[in-house]
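# just a sequence and a predicted model for now, questions to come.
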Amino acid sequence: MMQELSQRLRQELRLTPQLLELVKILQLPRMELQQLITHEIEINPFLTEELFDEQDELETEMAEPEAELPKAQELDYEYFFHDEWKGSGNDFSRKSEDDGDYSFVEAYSQPKTLREHLMTQVHLAFETVKEISIGEYITDSLSEDGLLEAEIADIAEALNCTNDEIEGVLKKYTLFDPIGIGSRNVRECLMTQLENMGRTETIEYMIIRDFFEEFMTNKIYKIMAKVKVTENKLQKAIEEIKKLNPRPANGEWGKTGDYVIPDIIIERKNEDFICSINMTQFPEVHLNKKYVEMLKNKDHMNKEEERFLKQRLNSAIFMLEGIHKRNRTLMKITERIIMMQKDFLEFGISALKPMILADIAEYVGMHESTISRALESKYVDTPQGIFPFKFFFSRSIKTETGDTSSTNVKDIIKQIIENENSSNPLTDGRIVDILKDKYSISLARRTVAKYREQCDILPTVKRKKYFKEVK
């Protein structure tokens, strides 16, 4: 076998570590970016939260000429001593202690997590090391809904305990706040809540205990055939059950309790709409003048110290440049959204126009996939409410009067179902007819079913109510 050397010319696109860092900053959600900035300020001496004094800069320049910095990159580091990197002409104001509505608690306190809340209760409620270990294991074995995912036998084996010991701890654990946390299933969770309220002799408790499957599948007629109570009492009992919480980790602790902080704010100004970066409670970050001056006077340091400071300076500048590019990109995307969705900002969802990523990518000058990643987990505050950026992207659906967005169609389907007769709910096929006759929108039945599911709306049989409204 003969060996030979050959040359081949080919093109490759390689991202440098610095470019990867810029892309990473662009994609980070607001909360994670705040954490990254705070961490970098702690470890990088070239970053500081204190704004550089321009008068000090002027006096320094008059005293002696500046030494030239090593050209490790072509960015203008002096640019970052001021606030220009945040953008000009936009409101980047941040509340300070001098503001009348400033709240120290609001600015610095962090909400307690559900795990911390439960761990505190475990250590207060149990005395022995074994009980505390079981309580901690249960806490770390909860689903997102707050139900116990691990089997009792598996916990007993892992902790070298008996099933009875696990059961004893779990019985007390399910009475922690929120009530029902750690239950093994929804039925047990609802029964625990009723037991805690002293309502074990009620019709609703009997329904959950003896007819849970019929209740969950909305087969009320089967319950009526077996329970000797009036229709009015049975209806009231079912309404009481619906007030219980089958997902104890939700609400205050779950996703429904999360606060959404918008990255961009759109406001009306006269007849136009303007956008600005939301800098509220966002960490200030600037270049540290003292360390830049130290690097300029490199005669007083050895090569290792000089190399370290150069690396940290480059890292600091790329961090600031990344934040600048992130803000600039989000602003350009929002400007394009304002251009295309001005009717939505004026009139609401019914005026939302079809829009795809290509409409934004061409304007911003980025690839569609980059735009998509940049908008992930980011929100915008509009005159119509707070929405995720991806809310504005929907495909076009043709109607007899022109194109409309799939988001608007979903909203129409929700309105149709909200106004239906609950004792005789509309089928997906009937909704297809209403869309065509009343709104001139032609959709297949499976498309309506898909949109209904995306709106978290139950199918016809599960929406049916067997009683009239109780007064």
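Arrived safely.
# can we go C-alpha only for contacts and neighbour counts from here?
Will do.
# residue ranges in the stretch 351-471 of the chain under the pLDDT threshold?
401, 465-471 (pLDDT under 70).
# what segments of it are helices?
Ranges of helices in the stretch 351-471 of the chain, per DSSP state H, counting those that start in this stretch, are 357-364, 368-374, 406-418, 428-439, 445-454, 460-463.
# quick one: closest of the ones you listed to L142.
helix 445-454 (26.3 Å; CA to CA).
# can you give me the buried ones in the biggest helix by length in the chain?
Counting residues, the longest helix in the chain under DSSP state H turns out to be helix 303-340. Using 16 or more other CA atoms under 10 Å as the test for burial, helix 303-340 gives 306, 309-310, 312-338, 340.
# ok so, going back, can you redo the helices of the stretch 351-471 of the chain as CSV, where the extra columns are mean neighbour count and distance to I208?
Formatted as CSV, the helices of the stretch 351-471 of the chain follow (neighbours: other CA atoms under 10 Å; distance: least, CA to CA, whole Å):
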stretch, mean neighbour count, distance to I208
helix 357-364, 16, 48
helix 368-374, 16, 45
helix 406-418, 17, 27
helix 428-439, 16, 30
helix 445-454, 15, 26
helix 460-463, 14, 17
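# output the ones you listed as CSV; include the columns distance to F393.
As requested, the helices of the stretch 351-471 of the chain are exported to CSV (distance: least, CA to CA, whole Å):
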stretch, distance to F393
helix 357-364, 7
helix 368-374, 10
helix 406-418, 8
helix 428-439, 21
helix 445-454, 15
helix 460-463, 29
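# and of those helices, who's closest to K226?
helix 460-463 (20.5 Å).
# which residues touch the closest one?
Residues outside helix 460-463 that contact it (CA atoms under 8 Å, 6 or more residues apart in numbering) are 217-218, 422, 425-428.
# any stretches of this structure with poor pLDDT?
For the chain, the ranges with pLDDT under 70 are 1-21, 51-112, 251-259, 401, 465-471.
# coming back round to it: nearest to Y173, of the helices of the stretch 351-471 of the chain?
Y173 lies closest, by CA to CA, to one member of these: helix 460-463, at 32.6 Å.
# roughly how far does L142 sit from T217?
L142 sits 25 Å away from T217, going by CA to CA, to the nearest Å.
# which one of these two has more residues nearby?
L142 (19 against 10; other CA atoms under 10 Å).
# surely the more buried one and E149 touch.
Yes. With contact defined as CA atoms under 8 Å, L142 reaches E149; the gap is 5.7 Å.
# where do the helices sit along the stretch 151-300 of the chain?
Using DSSP H, counting those that start in this stretch, helices in the stretch 151-300 of the chain cover 152-159, 163-173, 186-196, 203-210, 212-216, 220-226, 231-241, 289-296.
# tell me which of those lies nearest to E453.
Across those, closest to E453 is helix 212-216 (CA to CA), at 17.9 Å.
# for the closest one, buried residues please.
212, 215.
# need the contact partners of that helix.
187, 207-208, 220, 222-223.
# and the furthest pair within the residues you listed?
Between any two of these (CA to CA), the greatest distance is 18.3 Å, for R187 and K222.
# looking at those two, which is more packed in?
R187 (15 against 12).
# spatially nearest residue to that one (excluding sequence neighbours)?
Spatial nearest neighbour of R187, excluding adjacent residues (CA to CA, 6 or more residues apart in numbering): I208 at 6.5 Å.
# cool, and T217?
Closest to T217 by CA to CA, 6+ apart is K462, at 6.7 Å.
# ok, F282 next?
Q34 (6.5 Å).
# doesn't the one you found lie inside a strand?
No. Counting by DSSP: H, G, I helix; E, B strand; the rest coil, Q34 is not found in a strand; it is helix.
# having no further points to raise, I will conclude here.
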